[in-house]
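Undergrad: sequence and computational prediction follow.
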Amino acid sequence: MDTEERPTNFIIEAVAEDLKIGRFNYVRTRLPPEPNGYLHIGHVKAFLIDYYTAEAFGGELYLRFDDTNPAKEETEFVEAIEDDARWLGIRWVKVTFASDYFDRLYEWAIRLVKKGLAYVDDQTAEEMSASRGTLPRGTKWSETESALKPGIESPYRNRSVEENLDLLERMKNGEFPEGSRVLRAKIDMAHPNLVMRDPVMYRIMRVPHHRTGDKWCIYPMYDWSHGQNDSMEGITHSLCSNEYIIHRPLYEWFLEQLGEFKTRQIEFSRLNLTYAMMSKRKVRKLVEAGVVRGWDDPRLTTLRGLRRRGVTPEAIKDFIALVGETKNDSWVGMGQFEACIRDDLNKHSPRRMAVLKPLKLVIDNYPPPPKYYRLYPGNEVRLRYAYLITCTSIVRDPGTGAVTEVHCTYDPATRGGDAPDGRKVKSTIHWVSAEHAIKAEVRLYEQLFTVENPDVGDDLDSIINPNSLEVLTNCFVEPSLVEAKPGDKFQFERTGYFCVDLDSAPGKLVFNRTVTLRDTWAKIEQKQG
RNA sequence: UGGGGCGUGGUGCAAUGGCAGCACAUCAGCCUUUGGAGCUGAGUAUCUUGGUUCGAAUCCAGGCGCCCCAGCCA
């Protein structure tokens, strides 16, 4: 990756300005994944922005797992995320965890309590929600008749510092049941930004943590952890998606009150890709329901799925570069991604010949429509790298009418494919020798979903494309592919880009179609109806 | 509209007060031992109204549209 080739963007410009005015004299960013699932294409944009921004200034990148909710997180995902990110080509200087800072964070919380800026609230979750000054959950903003109402201050809001300190200590020691109390920042229950209406800092959870075990009974919320960890690590720029814009005032309020190092948060728009499911929850449902074969199913846009499908890190990075970095809400078409995949594969894939559907190839378009140049009775074509042949007749199955044989004559003078008399043929077709070719299984993929945005709605069954996978077991590939190993990539001439699947084994070749070639013929066909 | 964010060809991104450009997609042509790849050309855009200015996508004011927020999720 050549840094100079990447265009500048508003984040790079903002960071450059910070350096220029002396707000910081170095650059350090962080990747902030929550280890609760596998990485997908949507995460890649954020990862690459963090990586490139640091790289552009000779800065450092930390990989920090945001493990503040033990109910959802597992070590398995930590390893998978590191593996996927490394595969992409991202490099970091150290790996840290939000849980590394639980002790220090607790000290900071005590500081706020002592300053009278945080208190223990005994209200139930329902009471807190009701007193926030808004309509019940589930109500649409459009159904809101009047302006947002101020919240109601908790009856526990003015407890003494001593009592708060005592209660917090006992929360930490596990003296209270789960959900019975929280620590809240004392800010402003009438604030127009709901995030500032006394946000929760700690909640009681009797759940073992994948790294700290049973040590803690209270766990910090995102707002009371992320910015503090950024500050503790000397992160200069905390880059995140637009949904955190409204959290920035709180992010800054905490660091201001604490008097600690002030990281700057900058937001950008997340990636929306058509036909891609970004919701981890929903992808999990597909996996569990057996709609796909696993988290690495080649039809998924998880990094593992893309990798298995044969998509390269370079193609993914090219795509992200092309998408750019802005705050605009936008949708990028899957076709754009596929163009990047083809572009990279075209440059790097060795060409091979493979016949996927030996007979159908010929019969589909007979009698020939206009502009059809391939093999049909009376027409001469070139067998790629071999001879010019002329079709003389076809043999059909008397019962079905399907073509079972195509008879041709070859011109012995055209060895290699050139005619001594200089005559041209309009078409060259690929072939394999029936005597030498080896058999293979080929898996063809189409979009998994029938709708552009599979993340909306909950009726998954209605949006699944029933034809997203077609398995061909009667394919023949040229003998040189006998040595091909899982992950190897090829272009099957005139057909598409393919890679050897994980299921492949000696004597049992399995290929995935990564993406088809651009197909001008398909367009002509479409237009002709 | 309680607060916040965003509006440039079909899609995504540039232009940072000075000829609206790039990529993908589309269309036309050239070339081709992949109907692939490559090459050439074309069409299509500044949400709107007003203001400032010699000059506005850019600055200002109003309007319109879309998105985000009322978890003890991140």
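TA: Now that the structure is in, tell me what you want to look at. Numbering: from 1, shown residues only, chains lettered A, B, ... in the order given.
Undergrad: going by C-alpha atoms from here, please, whenever you check contacts or count neighbours.
TA: Fine.
Undergrad: what lies in contact with stretch A:238-248?
TA: Stretch A:238-248 is contacted from outside by A:29-30, A:46, A:49-50, A:193, A:195, A:223, A:230, A:263-270, A:327, using CA atoms under 8 Å, 6 or more residues apart in numbering.
Undergrad: please flag which of those residues sit within helices.
TA: The members of the contacts of stretch A:238-248 that map onto helices under DSSP state H are A:46, A:49-50, A:230.
Undergrad: could you redo those residues as a markdown table and give each row pLDDT?
TA: Output for the ones in helices among the contacts of stretch A:238-248, formatted as a markdown table (pLDDT from 0 to 100):
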| residue | pLDDT |
| --- | --- |
| A:Ala46 | 97 |
| A:Ile49 | 97 |
| A:Asp50 | 98 |
| A:Asp230 | 98 |
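Undergrad: going by neighbour count, which of those residues comes out on top?
TA: A:Asp50 (26 neighbours; other CA atoms under 10 Å).
Undergrad: got the contact list for the closest residue to that residue other than its chain neighbours?
TA: The shortest distance from A:Asp50 to any non-neighbouring residue, by CA to CA, 6 or more residues apart in numbering, is to A:Thr29 (5.8 Å). If you count contacts by CA under 8 Å, 6+ apart, A:Thr29 has them with A:50-51, A:53-54, A:59-62, A:235-239.
Undergrad: need these in a markdown table with secondary structure, can you?
TA: Shown next, in a markdown table, are those (DSSP: H, G, I helix; E, B strand; the rest coil):
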| residue | secondary structure |
| --- | --- |
| A:Asp50 | helix |
| A:Tyr51 | helix |
| A:Thr53 | helix |
| A:Ala54 | helix |
| A:Gly59 | coil |
| A:Glu60 | strand |
| A:Leu61 | strand |
| A:Tyr62 | strand |
| A:Ile235 | coil |
| A:Thr236 | coil |
| A:His237 | strand |
| A:Ser238 | strand |
| A:Leu239 | strand |
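Undergrad: strand partners of the helix or strand where A:Glu441 lies, parallel vs antiparallel please.
TA: According to DSSP states H and E, A:Glu441 maps onto strand A:438-445. Using DSSP bridges, strand A:438-445 pairs in its sheet with strand A:469-477 (antiparallel), strand A:509-516 (parallel).
Undergrad: for that strand, which outside residues touch it?
TA: By CA under 8 Å, 6+ apart, strand A:438-445 touches A:298-299, A:356, A:468-479, A:482, A:508-514.
Undergrad: now those residues: which count as buried?
TA: A:298-299, A:356, A:469, A:475-479, A:482, A:509-514 (16 or more other CA atoms under 10 Å).
Undergrad: tell me the residues on the stretch 301-450 of chain A that lie near RNA strand B, please.
TA: A:322-333, A:335-336, A:339, A:343, A:346, A:351, A:371-374, A:382-386, A:415-418, A:427-429 (CA under 7 Å from any atom of the strand).
Undergrad: selection in ChimeraX covering whichever of the contacts of stretch A:238-248 are buried, please.
TA: To isolate the buried ones among those in ChimeraX, judged by 16+ other CA under 10 Å, type:
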select /A:29,30,46,49,50,195,223,230,263,264,265,266,267,268,269,270
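Undergrad: so which of the contacts of stretch A:238-248 belong to strands?
TA: A:29-30, A:264-268 (DSSP state E).
Undergrad: circling back to that earlier point, closest to A:Glu126 among the buried ones among the contacts of strand A:438-445?
TA: Distance to A:Glu126, by CA to CA, is smallest for A:Arg299 among the buried ones among the contacts of strand A:438-445, at 41.1 Å.
Undergrad: so that closest one makes contact with A:Gly310?
TA: No: at 11.0 Å, A:Arg299 does not count as touching A:Gly310 under the criterion of CA atoms under 8 Å.
Undergrad: pull out the buried members of the residues of the stretch 301-450 of chain A next to RNA strand B.
TA: A:323-325, A:339, A:346, A:372, A:374, A:382-384, A:386, A:417-418, A:427-428.
Undergrad: just these: which are in helices?
TA: A:323, A:339, A:346.
Undergrad: let me have those in TSV, adding distance to A:Leu165 and pLDDT as columns.
TA: Below are these laid out as TSV (distance: CA to CA, whole Å; pLDDT from 0 to 100):
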residue	distance to A:Leu165	pLDDT
A:Val323	49	95
A:Ala339	59	96
A:Asn346	65	97
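Undergrad: if we can go back for a sec, rebuild the contacts of A:Thr29 as TSV, extending it with distance to A:Arg203.
TA: Shown next, in TSV, are the contacts of A:Thr29 (distance: CA to CA, whole Å):
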residue	distance to A:Arg203
A:Asp50	30
A:Tyr51	33
A:Thr53	34
A:Ala54	34
A:Gly59	35
A:Glu60	33
A:Leu61	30
A:Tyr62	27
A:Ile235	26
A:Thr236	28
A:His237	28
A:Ser238	24
A:Leu239	26
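Undergrad: I'd assumed A:Tyr52 was in a strand, is it?
TA: No: using three-state DSSP, the secondary structure at A:Tyr52 is helix, not a strand.
Undergrad: show me where pLDDT drops low in the stretch 51-200 of chain A?
TA: Applying pLDDT under 70 to the stretch 51-200 of chain A flags the ranges A:134-147.
Undergrad: residues near A:Ile464, how many?
TA: 17.
Undergrad: show me what it is bridged to.
TA: A:Phe449.
Undergrad: before we move on, back to that, lowest-confidence entry in the buried ones among the contacts of strand A:438-445?
TA: Least confident by pLDDT among the buried ones among the contacts of strand A:438-445: that is A:Leu356, with 90.
Undergrad: from A:Ile524, how far off is that one?
TA: 22 Å (CA to CA, to the nearest Å).
Undergrad: over to A:Lys285?
TA: 39 Å.
Undergrad: so for A:Phe492, what pLDDT did the model give?
TA: Checking the pLDDT column for A:Phe492, the value is 97.
Undergrad: which residues does it bridge with?
TA: Here A:Phe492, judged by DSSP bridges, has bridge partners A:Arg352, A:Gly496.
Undergrad: and for it, the neighbour number?
TA: A:Phe492, neighbours per other CA under 10 Å, totals 24.
Undergrad: and the helices in chain A, which stretches?
TA: In chain A, the segments counted as helices under DSSP H are A:10-20, A:41-56, A:75-88, A:102-114, A:125-130, A:161-172, A:226-232, A:248-258, A:280-288, A:303-309, A:313-323, A:334-348, A:360-363, A:520-527.
Undergrad: point out the most buried one among the ones you listed.
TA: helix A:303-309 (a mean of 24; mean count of other CA atoms under 10 Å).
Undergrad: contacts for that one?
TA: A:38-41, A:84, A:295-300, A:312, A:487, A:499, A:501-502, A:512-514.
Undergrad: give me the subset of those residues lying in strands.
TA: Secondary structure from DSSP E places A:499, A:512-514 of these in strands.
Undergrad: would you check how far apart A:Arg281 and A:Leu271 are?
TA: Going from A:Arg281 to A:Leu271 by CA to CA gives 17 Å.
Undergrad: how many residues are close by the closest residue to A:Gln491 other than its chain neighbours?
TA: Distances taken as CA to CA, 6+ apart place A:Tyr497 nearest to A:Gln491, at 4.3 Å, with adjacent residues excluded. As a burial measure, A:Tyr497 scores 27 neighbours (other CA under 10 Å).
Undergrad: quick one, what contacts A:Tyr497?
TA: The neighbours of A:Tyr497, taking CA under 8 Å, 6+ apart as the test, are A:342, A:345, A:349, A:489-491, A:513-517.
Undergrad: from the residues you listed, which is closest to RNA strand B?
TA: A:Leu517 (4.9 Å; CA to the nearest atom of the strand).
Undergrad: number of nearby residues for that closest one?
TA: Neighbours around A:Leu517, by other CA under 10 Å: 17.
Undergrad: for the nearest residue to it once chain neighbours are set aside, list the residues it contacts.
TA: Spatial nearest neighbour of A:Leu517, excluding adjacent residues (CA to CA, 6+ apart): A:Gly496 at 4.5 Å. The neighbours of A:Gly496, taking CA under 8 Å, 6+ apart as the test, are A:513-517.
Undergrad: if anything else comes up later, I'll come back, but that's it for now.
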